[in-house]
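[1] need a 3D model of the sequence below.
(chains A, B, C and D)
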There are 4 protein chains.
Amino acid sequence: MEGDALQIGLIGAGRIGQVHAQNLSRFIPQSSLCMVTDIVEANAIACAQRFGIPHTSADYREILNNRDIDAVIVCSSTDTHASIIVEAAKARKHVFCEKPIDFNLNRIDTALEAVNQAGIILQIGFNRRFDSNFRRIQKAVASGEIGKPQQLHIVSRDPTLPPRDYLQKSGGIFMDMTIHDFDLARFLIGAEVTEIYATGNTLIDPTISEIGDLDTTMILLKFANGAMGVIANSRQAVYGYDQRAEVFGSGGQIASSNVHPNSTEIAVENRIYKDPPLNSFIDRYRESFLEEMRQFVEVSMNGGPSPVSGTEARIPVVMAEAALLSCQENRPVRLEEIR
Amino acid sequence: MEGDALQIGLIGAGRIGQVHAQNLSRFIPQSSLCMVTDIVEANAIACAQRFGIPHTSADYREILNNRDIDAVIVCSSTDTHASIIVEAAKARKHVFCEKPIDFNLNRIDTALEAVNQAGIILQIGFNRRFDSNFRRIQKAVASGEIGKPQQLHIVSRDPTLPPRDYLQKSGGIFMDMTIHDFDLARFLIGAEVTEIYATGNTLIDPTISEIGDLDTTMILLKFANGAMGVIANSRQAVYGYDQRAEVFGSGGQIASSNVHPNSTEIAVENRIYKDPPLNSFIDRYRESFLEEMRQFVEVSMNGGPSPVSGTEARIPVVMAEAALLSCQENRPVRLEEIR
Amino acid sequence: MEGDALQIGLIGAGRIGQVHAQNLSRFIPQSSLCMVTDIVEANAIACAQRFGIPHTSADYREILNNRDIDAVIVCSSTDTHASIIVEAAKARKHVFCEKPIDFNLNRIDTALEAVNQAGIILQIGFNRRFDSNFRRIQKAVASGEIGKPQQLHIVSRDPTLPPRDYLQKSGGIFMDMTIHDFDLARFLIGAEVTEIYATGNTLIDPTISEIGDLDTTMILLKFANGAMGVIANSRQAVYGYDQRAEVFGSGGQIASSNVHPNSTEIAVENRIYKDPPLNSFIDRYRESFLEEMRQFVEVSMNGGPSPVSGTEARIPVVMAEAALLSCQENRPVRLEEIR
Amino acid sequence: MEGDALQIGLIGAGRIGQVHAQNLSRFIPQSSLCMVTDIVEANAIACAQRFGIPHTSADYREILNNRDIDAVIVCSSTDTHASIIVEAAKARKHVFCEKPIDFNLNRIDTALEAVNQAGIILQIGFNRRFDSNFRRIQKAVASGEIGKPQQLHIVSRDPTLPPRDYLQKSGGIFMDMTIHDFDLARFLIGAEVTEIYATGNTLIDPTISEIGDLDTTMILLKFANGAMGVIANSRQAVYGYDQRAEVFGSGGQIASSNVHPNSTEIAVENRIYKDPPLNSFIDRYRESFLEEMRQFVEVSMNGGPSPVSGTEARIPVVMAEAALLSCQENRPVRLEEIR
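    Predicted coordinates for the structure are as follows:
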């Protein structure tokens, strides 16, 4: 069966790269992860040993130049995404790329143009679309189970503030963190956002304002279908990773809650409690990382539209820019103002 | 309107007597609580002042001899219930009497005979039947919402072990505590219990065995319709008053949970918690005490069957005797063996 | 004891007037409701009969002119509130007045001036502050149980769209409905709102735009302490009255859920369900209406600051004006712009 | 790395055999599943193709005779378990065997004797011990988080009645279904059961009594430490697989609830609902099947006590016999009466 398997190369052996390596090598028998590269080759070698990947390199071009490889998984740093996509398109390899494609819309457009001309599949890593809770909400909205959607709440809070040097390269909270929620908002409501009003503050660590960033934000969205929504972000929820959504519609409401490691409730003197929610994105979204990769392998082998196309993935970047502009000028910003 | 109100006398101004006094004087305008008696007259006077009751006495016969009084509420000690019922029946007064009628079935039968001959209404204080949670379960069973009932779980645990002198007069755990659950079991399933197997232990305070009592029990019930059930009792749940039931049937299941003082959930570092359940029977069953009294006033004024008749209330006493015998002989006991 | 009771007159025997009449006459023995007036005297008479109130009139001045009356409850139409407050202040009667004092800030200020000069107590009917769920949240914030507050969510949705003629006199959704949430927001966070951005639409009934109103809104709030919040309003939630809040802070989060008529959960084929939440504001907020009245009687008799002073109650009106202006001009509006 | 992997043979390629095949071949890289046998060789071949197992046979002896194989997974029919264990012990292969070892205690003892003499590891497939919910309960009891255990409730209900021919070979409800709960009871409480009183009925399908079986049972357990417990079994819960436990102790209570496919709650007109629980044992206990196999591979490679030894696994068979005897004679049966 190995002869028929989709041959895959992995570019970047960091934390998320290893998540994909594990999923491909263990849980998706239709694929064969045959090479991993990392600019620090020791990382590539460690990853290869851990997951039984036969070939390694420090240079991702070895993957692109390998005629036996059908598809690449791009988990390198964000500033390399766009150019690797262009090169991969030229090499006629399907691409799964972590979000975002780029912080710059021009570079995104160049990459999408190359993808388009090559006719390859490009899937961007907006994994939350594949989470069973959010999928259930999306299904309820799309099927009319709760009528026409009217209001959306997304709560998305990280467990702990990342280190300063991460924040400095992150592109800012809207581009780094809210970008997932921007994508999720469109996915859940099934309509385009037309206008954004964003507000933010530095309530966790005031010194973050020195690098021009925020740690606590609320963003109001207007949708083309008349619905409205809000995203609440925080860089630090002391009780753990807080990832919830609810959609209110003309026929009802659907709300998801956090995911806990077990279903028990404990009662002791003066207190009824349960264990805190799954606390890292890797645990919380484990299943979604596997599912997005399964679907990427499926469409790469059998064709079909990309589950999360480059065109789809461009929009959250526009939204992040609009949110930033809204914050800077303290006014609602229409998405058509961006570019 | 006062002229039309049901004139009521209260016998016994202890804790439960005051609950009824409050409900009658404040929340049931169709009734008029005109006299309260207590063997300690100071208690009667204090109760009268608190709830605006015009007359007091140390002798309950003053109530029974008062021609203007239509009905009596009997909250005196258990050993007086049967004889007061007999006297009240002779005086042609409707009677609401706290549970149990008596620990002795002969005395119960004598009282019921008197009630029957006088044609008065006798209602026994099995208040849990009037709790909105248990009523919802009963309704689900009776209406077929969960099909035919097959299995019953009742969890009934007190917050703290009562003092030794209370326990010594209590009649034992089955007669004092489980008796409510015995009544609830029949009420929820809508069928008679035919056989009981009871087991118990002294896990909270081993010295309770010195007075021949138990503090922790589980009782298995067989019903005439083939259903089976279990009652779990404890004299001490450190997390508070634990009062739950669930019924499983051919078409589904219904389960109630405890009642909390508010609906909030709080998340802090390493813990998600909520406030403990309502912790005293007076808070937890507040609404049921009011509702049972409302219905007593209603049937006393307008006729109709007793919401909890003496015949109904006799059965839990039989069950308590069967449970005790089962424990003593470590064997299942058929209810028909009792008497 | 009646001699010592606070003598109260009720102005307006509509729905909310009857709620207060019931609470005062049945559940607050320290008060004596001695007169009720309504411009439709039949309403006053019906109310008097129902709750045993000795005197009625079509003219509220009979209450104000009655020297034996200590306090008035103002439940007449909103346009009469301010002038009745002024007259009551002159007559040295304490005033409990339904919200809002007025739609017009000048008239509010005139009324507050009169209250101030007379030294009477004025309490405004922002009853949600007395709800046990919202009080628990407020307590958690004030006590530091969840650290410093950073983000607030209020969801407030009515079960059904009111009739057109109600809406036409309502003052608009912000003044009629959100005003409760504006008050609640300040109460929960314990800080002033400085700026508001509001967006709204007519998603339930587009013809509401004909009368210049909205039926679905989301309002973003900025607080003086750096916190931010959102209020989601809808005139129609088909699943029932939806009244929830959550506050996120540096040390955790607290969230309330809706209130259900019982605690049961039912499982049948293909579905796990529970009964819908309490569906009218009278049921949902029953306890809060009683508690606000209890506190009014308490401070009227024994002195102390008003539980919800006129100064406090003026602010939500300012917020409603700011929200309306924000919607009209599609921009954030600072509260200091109003007036 | 394959050279170091534990070489495993699988005997029996039915439903549970395939679960283990999948776990070993995909998720446990330390093991290498090199042969599968089934008396219907086509089943073995299908399984081998699905999971990439190199060798197949109709004869399990090919596994036992293969010197390269270190361990066997026994998923053949129950009547073959004991003799295969004996043969495997002689061949010095570690054995993972599905429960129960046998319905007959003599044959179990013969098998355990062989295991003991050979010094191999024998692990029995009581997978529920590895479920995260039940492990959390066990941990709470063992650590004293809820004090000393006093009462246990286990609810264990299958979604649908198995076919008649399955039931006829099943060994009866206590041996086939309750056996898991008997094991779980000891595991959760951490003490031995000394006495059992069982009651049962045929409420789902009365004709099951024709084959001497029951479909609905409740079993009361007494533990050596004074605790007491109840197991409620049903062959058919229309709302799905119902698998819950709660332990009450001197310091509190811990209860698990069912596992749902997502965390959403949906509210529509007149109903608040969620999706039904995971409905097959393969979905519900997926993680536990993987975890038990991981631990088997671990101890087979590195030594250490069996996670579920033959001695441990013998006891639930004794309990099943005691329960059957209790039902037949309608009396409590001490475990020491069995054998």
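[2] gap between the most centrally placed residue in chain A and residue A:82?
    Centroid-nearest residue in chain A, with CA atoms, centre = their mean: residue A:126, separated by 3.0 Å. Residue A:126 sits 17 Å away from residue A:82, going by CB to CB, to the nearest Å. Bear in mind the C-beta positions are built from the backbone N, C-alpha and C, glycine included.
[3] verify the stated contact: residue A:241 with residue A:277.
    Yes: taking CB atoms under 8 Å as the definition, residue A:241 is a contact partner of residue A:277 at 6.1 Å.
[4] is chain C within reach of the helix or strand hosting residue A:198?
    Under the criterion of DSSP states H and E, residue A:198 resides in strand A:193-201. Yes: applying CB under 8 Å from any CB of the partner chain, one finds strand A:193-201 touching chain C at A:197, A:199, A:200, A:201.
[5] let me see the backbone angles for residue A:38.
    Dihedral pair for residue A:38: phi -160, psi 140, per degrees, to the nearest 10.
[6] now swap in residue A:255 and tell me
    According to degrees, to the nearest 10, residue A:255 has phi -140, psi 140.
[7] tell me the contacts of it?
    Residues near residue A:255 by CB atoms under 8 Å, 6 or more residues apart in numbering or on different chains: A:137, A:153, A:244, A:245, A:246, A:247, D:264, D:265.
[8] what of residue A:307?
    A:123, A:129, A:130, A:292, A:295, A:296, A:299.
[9] mind giving me the ChimeraX select for these, buried ones only?
    The buried subset of the contacts of residue A:307, as determined by 16 or more other CB atoms under 10 Å in any protein chain shown, is captured in ChimeraX by this line:
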select /A:123,129,130,292,295,296,299
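[10] follow-up on the earlier one: what is the nearest of the contacts of residue A:255 to chain B?
    For these, the minimum distance to chain B (CB to the nearest CB) is 11.6 Å, reached by residue A:244.
[11] helix, strand or coil for the closest one?
    What DSSP: H, G, I helix; E, B strand; the rest coil gives for residue A:244 is strand.
[12] shouldn't it be in contact with residue A:277?
    No: counting by CB under 8 Å, residue A:244 does not reach residue A:277; the two are 9.7 Å apart.
[13] shared neighbours of those two, which are they?
    Residues touching both residue A:244 and residue A:277 (CB under 8 Å, 6+ apart): residue A:258.
[14] what's the first helix or strand after the helix ranked longest in chain A?
    Taking DSSP state H as the criterion, chain A has its longest helix at helix A:310-329. Scanning forward in sequence from helix A:310-329 by DSSP H and E, the next helix or strand is strand A:333-334.
[15] do that next one and chain C meet at all?
    No: in terms of CB under 8 Å from any CB, no part of strand A:333-334 sits within range of chain C; the closest distance is 10.0 Å.
[16] quick one: residues contacting the closest residue to residue A:4 other than its chain neighbours.
    Nearest residue to residue A:4, sequence neighbours excluded (CB to CB, 6 or more residues apart in numbering or on different chains): residue A:30, at 8.0 Å. Counting by CB under 8 Å, 6+ apart, residue A:30 touches A:4, A:5, A:6, A:297, A:298, A:301.
[17] sweet, I'm off.
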